[in-house]
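J.: Show me the folded form of this:
(chains A and B, ligands or ions: 2)
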Amino acid sequence: MKRATLWRIGLLAAAVAGLEILCLAGAIDRLTMQPPHRMAVDLVRLLAGGALNAAILKTLGNAALAVVIAMVVGVAAAVALHRLPSFRRLLDPLFATYYAVPMFAFYPLLVVLFGLGDTPQIFIGAMLAVVAVIVNTLNGLDRIPKVLLKTARVNRLSPWETAVRITLPCAAPYILGAAKLAVAYALIGIIGAEFIMSTSGMGYEISYAYTNFDNATMYPLIILILAVSIAVNTLLARWERALMVRRGLA
Amino acid sequence: MTAAKKVQIATVAPKVHVSLGAVDKEFAQPGRPGEIVHALGPVDLDLRQGEFFAVVGPSGCGKSTLLELVAGLSTATRGEVAFEGRPIHGRIPDGIGVVFQEDASFPWLSVHDNIAFGLRRMKIDRAERERRIGVALDMMGLSAFARSFPAQLSGGMRQRVCIARTLVTEPRLILLDEPFGALDQQTRLLMGDEVLNLWRKTGATVLLITHSLDEAALLADRIGVMSARPGRLIDIVETGWPRDRDSRIAQEEAFGAITARLWRLLRGESLKAMGKVGGET
Ligand SMILES: Nc1ncnc2c1ncn2[C@@H]1O[C@H](COP(=O)(O)OP(=O)(O)OP(=O)(O)O)[C@@H](O)[C@H]1O
Ligand SMILES: [Mg+2]
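T.: Ligands and ions are numbered 1, 2, ... in the order given. Okay, here's the model as predicted:
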């Protein structure tokens, strides 16, 4: 293992150990935070008990759906915009200011439009993620050497074949980068939406546990979200790195 | 036209495979409206079916521009380019293979898959495909690197991957833009022999752009000598080599005479291209 990795693990372990000591010593009272070992035990109990499994599955399922939608729509939109530079210039200001708009302000409107089911939540997760996917994918497409596109043309590839056989494989590391962001944004969107206006899902359960001082539920759920998000991100980062290594870029 | 008449035409005189008629290419300068760069022309040139034609000329004289016009990758500002009797209007015809001056290997594909790229689109079965790839790998000295990725190869090896990728599809017209630029002199000679072999075997027409007067004199039937930008053909030199030649003709007297003649033609143009005053002879 690399030195930096060892240091990282060491620092993390020290932080957790420090927290544990502060909690056990009573410097942090139990109503504020549980000692870390307690959170771990509670998490196992929570998952084994199964009472919240439906909520967990719902949230993660919706997040996965939002990621898939954002990736498909985002990558397709990026490929299209890459071929239509004037249209792209038109939309550039929108992309530049997109994340300055507090998406959640529109949530009530989405509920009016889509009803109280899962749809507005998935929608907001996908909406948050999609522009990050478009911007990252476009960045990758911009870096494709011109000579590869010329090669596609002399091989008489159709626009579809060019996308599938040249541009997307060439931009693959950037698309994986986009996927990492999409996962993060989709989780933010969906859990945020569940917090605000929903009667189920992990976001709702965390908020419910919080208002009831139920730390034995709240902290494990937070940790579970952290773990899922970090695990997915790490996997994608690995994959991205493997591609970069193959291309001599890492 | 009736079939009988077509055959008759084909048997008269050497067939013209590619023809350029009064072709000019000008480029607009992005950000400087109104200003244009006259890169090439006017050029009149007929490539005969199955001939090996080389183009030499000073750097920046429009050689790559010429190649892109013939490939159909760009359209002439004036004049017309025709391939197999049909004008090319920015629509790329079938049967043309190009090796570009820049590295065009696909970094996400192994050497084997790079070479397979064009073949995958042709309707040939797997066994034949693998056979051709094997031959190409062998010919380019890349057999030991079939599973490697371009990033793990040297520049010259990557260039050989691109040459192999183009040649395996057996195009009827092969356009080569400084294909041996990244190779050492010895490898250049050997690669040249391989291209000659393939040219003989397939009967393809070859247009080779090169910096090297030796290479042009060694490989080509005819050599077009271009002026400084805007590039025009100032002369066409016939080498008169037999069809079954190889790099050993470098020892012949005629070879020295050809390169000397090329250099006489080019010295002044090269000085002009460098922005210095041109010498006459
Ligand atoms: N896309 C372009 N836009 C504007 N000018 C161009 C473009 N492509 C080529 N030119 C100009 O046309 C001229 C000829 O370029 P070209 O690449 O054909 O030269 P070349 O003979 O291939 O040179 P070299 O031997 O160095 O490869 C150059 O002066 C170049 O600046
Ligand atoms: Mg060039």
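J.: which residues does A:A126 contact?
T.: By C-beta atoms under 8 Å, 6 or more residues apart in numbering or on different chains, the residues touching A:A126 are A:L65, A:A66, A:V67, A:I69, A:A70, A:V73, A:A186, A:G189. The way it works is simple: take the backbone N, C-alpha and C, and place the C-beta from them, glycine included.
J.: ok, the lengthiest helix in chain B near ligand 1 or not?
T.: Longest helix in chain B by number of residues (criterion: DSSP state H): helix B:253-273. No - applying C-beta under 6 Å from any ligand atom, one finds helix B:253-273 separated from ligand 1 by no less than 9.0 Å.
J.: Residues contacting that helix, please?
T.: With C-beta under 8 Å, 6+ apart as the test, helix B:253-273 has contacts from B:56-61, B:213-214, B:216-218, B:223, B:225-229, B:234-235, B:237, B:239-240, B:249, B:277-281.
J.: check those residues against ligand 2, which are close?
T.: Applying C-beta under 5 Å from the ion to the contacts of helix B:253-273, one finds that nothing falls near ligand 2.
J.: Generate a PyMOL selection restricted to the buried entries among those residues.
T.: Buried subset of the contacts of helix B:253-273, written as a PyMOL selection, criterion 16 or more other C-beta atoms under 10 Å in any protein chain shown:
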select buried, chain B and resi 56+57+58+61+213+214+216+217+218+223+225+226+227+228+229+237+239+249
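J.: so what's A:G201 up against?
T.: Contacts of A:G201 (C-beta under 8 Å, 6+ apart): A:A55, A:K58, A:T59, A:N62, A:Q121, A:I190, A:I191, A:E194.
J.: Could you do B:A54 as well?
T.: B:L207, B:L208, B:I209, B:T210, B:E215, B:A216, B:L219, B:A220, B:R222, B:I223, B:G224.
J.: a helix runs through it, doesn't it?
T.: No - read with DSSP: H, G, I helix; E, B strand; the rest coil, B:A54 is strand and lies in no helix.
J.: just to revisit the earlier point, hmm, the longest helix of chain B in reach of ligand 2?
T.: No - counting by C-beta under 5 Å from the ion, ligand 2 is not contacted by helix B:253-273; separation bottoms out at 12.5 Å.
J.: Report the secondary structure state of B:D46.
T.: In the three-state summary, B:D46 is assigned as strand, counting by three-state DSSP.
J.: Please work out how many residues are found near it.
T.: Counted with other C-beta atoms under 10 Å in any protein chain shown, residues neighbouring B:D46 total 15.
J.: Can you name the residue of chain A nearest to ligand 2?
T.: Nearest to ligand 2, among the residues of chain A, is A:V147, at 11.6 Å (C-beta to the ion).
J.: what's the answer for the stretch 1-150 of chain B, then?
T.: For the stretch 1-150 of chain B, C-beta to the ion, closest residue to ligand 2: B:S64, 3.1 Å.
J.: got the CA coordinates for stretch A:179-188 in CSV?
T.: The C-alpha trace of stretch A:179-188 is given here as CSV (Å, rounded to 0.1, in the frame of the first residue of the first chain):
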residue,chain,number,x,y,z
ALA,A,179,-20.8,9.5,-13.0
LYS,A,180,-19.0,10.2,-9.7
LEU,A,181,-20.6,13.6,-9.6
ALA,A,182,-24.0,12.2,-10.7
VAL,A,183,-24.0,9.8,-7.7
ALA,A,184,-23.2,12.6,-5.3
TYR,A,185,-25.8,15.0,-6.7
ALA,A,186,-28.5,12.4,-7.0
LEU,A,187,-28.1,11.4,-3.3
ILE,A,188,-28.2,15.1,-2.3
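J.: residues in contact with that stretch?
T.: Applying C-beta under 8 Å, 6+ apart, the contact partners of stretch A:179-188 are A:63, A:66-67, A:70-71, A:74, A:125-126, A:128-130, A:132-133, A:136, A:225, A:228-229, A:232-233, A:236-237, A:240.
J.: Give the buried subset of those residues as a ChimeraX selection command.
T.: Here is the ChimeraX command that selects the buried residues among the contacts of stretch A:179-188 (16+ other C-beta under 10 Å):
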select /A:63,66,67,70,71,74,125,126,128,129,130,132,133,136,225,228,229,232,236,240
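J.: Residue 43: what's it in contact with?
T.: With no chain named, the answer covers chain A. Each residue near A:L43 by C-beta under 8 Å, 6+ apart is listed here: A:P220, A:I223, A:L224.
J.: other chain: chain B
T.: Contact partners of B:V43, counting by C-beta under 8 Å, 6+ apart, are B:L20, B:A22, B:V23, B:D24, B:L66, B:G79, B:G231, B:R232, B:L233.
J.: Just the buried ones from these, in PyMOL syntax?
T.: Buried residues within the contacts of B:V43, by 16+ other C-beta under 10 Å, are selected in PyMOL with:
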select buried, chain B and resi 20+23+24+66+79+231+232+233
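J.: In strands, which of the contacts of B:V43 appear?
T.: Among the contacts of B:V43, the members found in strands (DSSP state E) are B:L20, B:A22, B:V23, B:D24, B:G79, B:L233.
J.: Surely the second one and B:T77 touch.
T.: No - the criterion here is C-beta atoms under 8 Å, and B:A22 misses it with B:T77 at 10.8 Å.
J.: Show me which residues of the stretch 101-250 of chain B sit near ligand 2.
T.: The stretch 101-250 of chain B comes close to ligand 2 at residues B:Q101, as judged by C-beta under 5 Å from the ion.
J.: any weak-confidence spans in the chain?
T.: Just so you know, I chose chain A. Applying pLDDT under 70 to chain A flags the ranges A:1.
J.: hmm, I had chain B in mind actually
T.: Residues of chain B that meet the criterion pLDDT under 70 lie in B:1-13, B:90, B:276-281.
J.: The residue of chain A closest to ligand 2 touches B:D103, doesn't it?
T.: Yes - if you go by C-beta under 8 Å, A:V147 and B:D103 touch, sitting 7.4 Å apart.
J.: need the contact list for A:P36.
T.: Shown in contact with A:P36 (C-beta under 8 Å, 6+ apart): A:V16, A:L19, A:E20, A:C23.
J.: orientation of the longest helix of chain B relative to strand B:52-56 in degrees?
T.: Here helix B:253-273 runs at an angle of 40 degrees relative to strand B:52-56 (axes from the mean of the first three to the mean of the last three C-alpha atoms, to 10 degrees).
J.: burial measure for the residue in the stretch 151-281 of chain B that ligand 2 sits nearest to, as a count.
T.: In the stretch 151-281 of chain B, no residue comes nearer to ligand 2 than B:D177, which is 5.9 Å away by C-beta to the ion. Neighbour count of B:D177, defined by other C-beta under 10 Å: 21.
J.: Which residue comes closest to it once chain neighbours are left out?
T.: Nearest non-adjacent residue to B:D177, counting by C-beta to C-beta, 6 or more residues apart in numbering or on different chains: B:Q101, 4.3 Å away.
J.: Might you report the residue contacts of the residue in chain A sticking out farthest from the centre?
T.: If you look at how far each residue of chain A sits from its centre, by C-alpha atoms, centre = their mean, the farthest one is A:V154, at 39.0 Å. Taking C-beta under 8 Å, 6+ apart, we find A:V154 in contact with B:A71, B:G72, B:L73, B:I92, B:I96, B:G97, B:V98.
J.: Work out for me the element the fourth one sits within.
T.: Secondary structure assignment for B:I92, by DSSP states H and E: no helix or strand.
J.: and whatever helix or strand A:P93 lives in, C-alpha only, in CSV?
T.: Element membership for A:P93, per DSSP H and E: helix A:85-97. Provided in CSV are the C-alpha atoms of helix A:85-97 (Å, rounded to 0.1, in the frame of the first residue of the first chain):
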residue,chain,number,x,y,z
PRO,A,85,-21.8,24.4,-31.4
SER,A,86,-24.3,27.3,-31.9
PHE,A,87,-26.9,25.6,-29.7
ARG,A,88,-24.2,24.9,-27.2
ARG,A,89,-23.2,28.6,-27.0
LEU,A,90,-26.8,29.4,-26.4
LEU,A,91,-27.0,27.0,-23.4
ASP,A,92,-23.5,27.9,-21.9
PRO,A,93,-24.8,30.6,-19.6
LEU,A,94,-27.4,28.2,-18.3
PHE,A,95,-24.8,25.6,-17.4
ALA,A,96,-22.5,28.2,-15.9
THR,A,97,-25.2,29.5,-13.5
